[in-house]
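Student: pasting a predicted model and its sequence here:
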Amino acid sequence: MGAAITPHRVGTSARSEEAASQQVVGFHLAGEEYGIEITKIQEIILPGEITRIPQVPHFIEGLINLRGSVIPIIDLRKRFNLPSSERTDQTRIVVVNVGEKTIGVVVDAVTQVIRINRNQIEPTPPTVSAAGNEHIAGLAKVEHRMLILLEIDKLLRGSVPDRQEQNA
Amino acid sequence: MSGPDFDGEMFGELVSDFLDEGTQLLATMNQRLLHVEEMLRDGKHDAITASNNLELINEIFRAAHSLKGASAMLGLSNVIELTHRLENVLDANRSGQLDLRRPLVDVLFRCVDRLESMMTRLREEQDFEITSEDHAFFTWLDGELAGAMGATPVEIVPAVADREEPIPAIQEEADLDSKMNESEADFSSDTNESFFEESSVEVSIEVSPPFEFEDEDDPATAMLNPDALPVGGEDIFDVSKYLPLYLDEADEEIEGLNQALLKFEENPSDTESLAEVFRMSHRLKGASAAMGLHEVKELTHQIETYFDQIRSGSRSLDERMINAIFESVDVLREFHRELRNGKGDPTALQQQTECIVNLVNPPEELEESVVTPMNDAPVSVAPAWNEEIAGHRLVISFDPSLSYSSLKAALVLHRIETSGEVTFAHPTMNELESAETCLHLIVDVATNQSADIVRRWVDVDGVVNVSIESHEGSSEISIADVPIAHIQMETPAVKLVAETIALAPKAAEKSPARPAKETAAEANGSSKVAETLRVEIERLDQLMNLAGELVINKARFAQIASGFQDMFRNKGAASATREMRDRLDGLASKMRHAKEEGRGAEEFDRLAGEIEQLTKGFDSLREEMDRINKGRQQLHALGEAIHQLTRIADGIQKSVMDTRMVPIGPLFSRFHRVVRDVARVVDKEVKLEIVGEKTELDKRMIDELGDPLIHLVRNAVDHGLETTDQRERDGKPRAGTVRLEAMHRGNAVVVQVKDDGRGIDPDRIRQKALEKGLANQTELDAMSDKQILQFIWHAGFSTAREITDISGRGVGLDIVRSKIEQLSGTIEVDSELGQGTLFTIRLPLTLAILPSLLSRIYDEVYAFPIECVEEIVAIPVKEIYTIQGIRTIRVRGRVISLVTLDDIFRWGDGPHPMSTDDKEQRSSSKELTIVIVQSAGCRLGVVVDSLIGEEDVVIKSLAENFEHVRGLAGASILGDGRVSLILDLASMTELAQQASARLSA
């Protein structure tokens, strides 16, 4: 398995500021910039060999062994119906904790840790494509870029078509 | 009531022990009650009474009694209340005041159920208060019982109910100045103190005057009576399991006592060390009393009494006494050491006790007495009794209105025993224990005390009359133990009787006690106290996982090592040498040429220089070779180490697995009650046979197996068996039989549920399948009966004509199956019309590790549970036949349908990306490797690319980080760190059937 790249915590500032702001790990996906709250992230790893698994939705890449645990890997491009691409040396797996579960998401590249103030966050406009809408927690304007904040809690949920339907 | 502290680790332990024990006791009660009911049904007796079935009733009584005792120890008020009532009813029955008839048996069953629910509440909510529901139940019960008892007034409402706190002394602050006494209730407080408070600072002492048995009904008292607690008995609250706990505690206390004594001896004004001495002996006394270790209790009691006197100033420190007490500490230590190794011999303790007793209460008469020690052989001849040692016959009458007069009698007898030599008692201690009432107690005792003193021993509350007949030198009194009583006087403390001292050492050597002790210890060497430890199952789970990881890593090591071997096999050095060789050859020929051409010395110099270089090259090559050789040796050592690691890893895995194994017996015996209840509802006669209850399987497995088995057993009784009338018409025995059987089969456990009922009618299944649209007529016609039978696994499929409370709604078998599959097991059904039905469940020994066949399909590794693999065949492509679009093969006359993983599974949107080219390649290849699997009565050939081999894999749940995937039993991590998928063949078979249905549709 690839070497773990632990996200660096930005120097802790005053508590009041922390309450009003959050840190996110930014990453690229199909030319867009996304962010996941740092507290949800366990680690960032290099993609290794992924074992394919049947009977699951297409966006589940497969399973990997993360130091003895078997975790599922989600291809975020497929999840959001974005055009798929080859892996590059920038490709990373972001390992996140969703409730009790640990899952990995494949992203094009991890950029940096960004501190965002709450007042920088705007709600998602309803016009944003319905496909990934429920997974967007909000939009944040950082300098001149627009960062899409991901709601990872729902990545797995509802991800598997109803079994009856599948076996019919 | 203010219950004991539930946070206390000790208490928690005791509660969980209590729950284990209680569950067993309830099971016993259930079983015996079933027996009672059976006898009533058979019409053997109209009613079960003491005269016809004393033993049976006694057994139930004992179970109730033990439960009461155990719950009293923990202060579980609700359980105490109910068991006490239960006990009273049974006692009334035992003493002939109440006949046990059918309605009453039902009442008793309900009591047991209630107790069960109380235990559940205790387990889940740590609650043991009497709830309003309990109150309602008690009211109902009292009403029922009053009705059953009719005119016979028997005290039902327990004394305990009126008392606010059964064990009031525990919580109270200790009062070190309070007077010591021998009340048995004191022991109960001791028990609690030393078992419950690990760091007890103060000693609690009951202030009640000696021999006031207000608490004769106190179950704790009953429990603490040593004879009420036969160590090792199965049906009763078993103290022996606390033995290791006790021993650890006792060691501490003995050591503490020793230390405190040393301190105290050094500085007799040190009240703190005096208090410590007192505390330690007091704790030891309490703990030993709870364990039924009479002699320890006695000795410590004497020590305590002595120090009490010192503390109160009525006695000053006396060197002889201190010495005697130090010796006592040694004796205690020795005894406990022996106890740990098997069985301790209490003789030395008794001697020591006598010694202390004599020192504490200097028997003035004895000082002048001339005791002639007897021969060391225990002879029962009329001894030359000193006039002071006299035999007394006591006839003690008890108040007839006393409940538990036998208990009081036992206490009195016990008291006499500790004060003198009891040579005869009627009834005996054991008899008293099983009896409930005792109006008269006859005891012969030999003692140096006067009749008046003897009278004082037995003059306790509840005794209405004592007659003492003293006869000096009574021939009835055995002298056997008398010498021993005097041998102990060899202790320097006793210089009272010169004659005794002179003879003592010799007698001590020959004393039968010592060799007896040693042989006892030797004989018991094999029956050492097994030291046990309660462990949370979660921890074992974790340990199991770690053991699994170890096994995986071991495999990884082996893989790496074999990689090394390949590297070393590389002939790098050889080729280098070859190259040098060539260069040398070249050089030689050049030299020849040079010579022929007559070239001069410079040329030779140049060539010589080159040779030098080559030599250097050779040197470094040799170094390299040496290094390689060393490396090879190291590699060999690594191989050895890995081999060793493998052995250890396998050992750990096996031991951990063994730790989790428990017998299936307790689970099975639950079914007596299940069968009885169902049989009553459906009004059938049913016999339950249990075979193989010693079969062990993983604790988790046992926990999970309960529900499916209940489904199957209920089904068997309700639907499997015919009505009694029907059975008679069919010429079968009236009573139907349900048989539960467990056995080991290789690496699996097989559990069977079998009935001798009507069997499953395939025609009715056909009909039902047709009605439900599960298949059409043609399909059904083509199916064998065995195949038809498989429809019973469909959800909502029930052939029962009537739906009953118990079963028949068609929920059940599908759930049973999915449950068993969750356990990586299989279930099969077999049935013969008119003969019965057999369900066979096969389970792996453990949930965590699965012996499997690894194979490569589409460049990934898949694990087939070996349990399901029937055989592996290689079939030429041309021998694959297609029947209605479904590929099949023939293996030894059987037609087996053939599938690829692609036929069964969908990978995201379509086939596996690797499979397309594979298929073409496969069709051109000559042979296919096929794993024939067997599941749910179906055979299936699965095409694999290649086989890797058999391996134990550690199952990782997919649901842990993902979710269950149909067709997969889980994943596992291979030696190279990759994830492989474990196939769930039962659901794969279903998927395959659905797939083929799609194909042929």
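Tutor: That came through, no problem. Numbering: from 1, shown residues only, chains lettered A, B, ... in the order given.
Student: backbone dihedrals for the residue nearest to B:Lys732 when sequence neighbours are not counted, please?
Tutor: Spatial nearest neighbour of B:Lys732, chain neighbours left out: B:Asp756 (7.1 Å); criterion: Cβ to Cβ, 6 or more residues apart in numbering or on different chains. Bear in mind the C-beta positions are built from the backbone N, C-alpha and C, glycine included. Dihedral angles of B:Asp756 (phi, psi; degrees, to the nearest 10) stand at phi -110, psi 40.
Student: number of nearby residues for A:Val106?
Tutor: Neighbourhood size, A:Val106 [other Cβ atoms under 10 Å in any protein chain shown]: 21.
Student: could you give the number of residues near the residue nearest to B:Lys732?
Tutor: Using other Cβ under 10 Å, B:Asp756 has 23 neighbouring residues.
Student: now swap in B:Ile702 and tell me
Tutor: B:Ile702: 19 surrounding residues under other Cβ under 10 Å.
Student: let me know the helix or strand that it is in.
Tutor: helix B:699-715 (DSSP states H and E).
Student: that helix: which residues count as buried?
Tutor: Using 16 or more other Cβ atoms under 10 Å in any protein chain shown as the test for burial, helix B:699-715 gives B:699-702, B:704-705, B:708-715.
Student: repeat that for stretch B:682-689.
Tutor: B:Val682, B:Lys684, B:Glu685, B:Val686, B:Leu688.
Student: one step back: from the buried residues of helix B:699-715, which is closest to chain A?
Tutor: B:Arg700 (19.4 Å; Cβ to the nearest Cβ).
Student: still on that earlier bit, now the buried residues of stretch B:682-689 in TSV, with pLDDT?
Tutor: As requested, those are exported to TSV (pLDDT from 0 to 100):
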residue	pLDDT
B:Val682	84
B:Lys684	87
B:Glu685	87
B:Val686	89
B:Leu688	90
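Student: nearest to chain A among the residues you listed?
Tutor: B:Val682 (34.9 Å).
Student: which residues does the residue nearest to B:Lys732 contact?
Tutor: B:Leu721, B:Lys732, B:Gly736, B:Thr737, B:Gln835, B:Gly836 (Cβ atoms under 8 Å, 6 or more residues apart in numbering or on different chains).
Student: just the buried residues of these.
Tutor: For the contacts of B:Asp756, a burial check counting by 16+ other Cβ under 10 Å picks out B:Leu721, B:Lys732, B:Gly736, B:Thr737, B:Gly836.
Student: let me have the residues you listed in JSON lines, extended by distance to B:Gln884 and secondary structure.
Tutor: JSON lines is the format used below for those (distance: Cβ to Cβ, whole Å; DSSP: H, G, I helix; E, B strand; the rest coil):
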{"residue": "B:Leu721", "distance to B:Gln884": "41", "secondary structure": "coil"}
{"residue": "B:Lys732", "distance to B:Gln884": "44", "secondary structure": "coil"}
{"residue": "B:Gly736", "distance to B:Gln884": "44", "secondary structure": "strand"}
{"residue": "B:Thr737", "distance to B:Gln884": "44", "secondary structure": "strand"}
{"residue": "B:Gly836", "distance to B:Gln884": "36", "secondary structure": "strand"}
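Student: got the residues you listed as JSON lines, with pLDDT columns?
Tutor: Formatted as JSON lines, those follow (pLDDT from 0 to 100):
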{"residue": "B:Leu721", "pLDDT": "87"}
{"residue": "B:Lys732", "pLDDT": "87"}
{"residue": "B:Gly736", "pLDDT": "90"}
{"residue": "B:Thr737", "pLDDT": "91"}
{"residue": "B:Gly836", "pLDDT": "88"}
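Student: who are the packing partners of the strand or helix carrying B:Ser406?
Tutor: Counting by DSSP H and E, the element that carries B:Ser406 is helix B:405-419. Helix B:405-419 is packed against strand B:390-398, strand B:421-426, helix B:429-434, strand B:440-447, helix B:451-458, with contacts defined by 3 or more Cβ pairs under 8 Å, 6 or more residues apart in numbering or on different chains; DSSP states H and E.
Student: by contact count, what packs against the next helix or strand after the last one?
Tutor: Sequence-wise, the next helix or strand downstream of helix B:451-458 (DSSP H and E) is strand B:463-472. With contacts defined as 3+ Cβ pairs under 8 Å, 6+ apart, the packing partners of strand B:463-472 are strand B:390-398, helix B:451-458.
Student: just want the angle from the longest one to helix B:451-458.
Tutor: Taking axes from the mean of the first three to the mean of the last three Cα atoms, to 10 degrees, one finds that strand B:390-398 is oriented at 40 degrees with respect to helix B:451-458.
Student: return the residues of chain A in contact with chain B.
Tutor: Neighbours of chain B within chain A, by Cβ under 8 Å from any Cβ of the partner chain: A:1, A:49, A:51-60, A:62-65, A:68-72, A:101-103, A:156, A:160, A:163, A:166-167.
Student: the residues you listed in strands, which ones?
Tutor: In strands, defined here by DSSP state E, the members of the residues of chain A next to chain B are A:Ile60, A:Gly62, A:Leu63, A:Ile64, A:Asn65, A:Ser69, A:Val70, A:Ile71, A:Pro72, A:Lys101, A:Thr102, A:Ile103.
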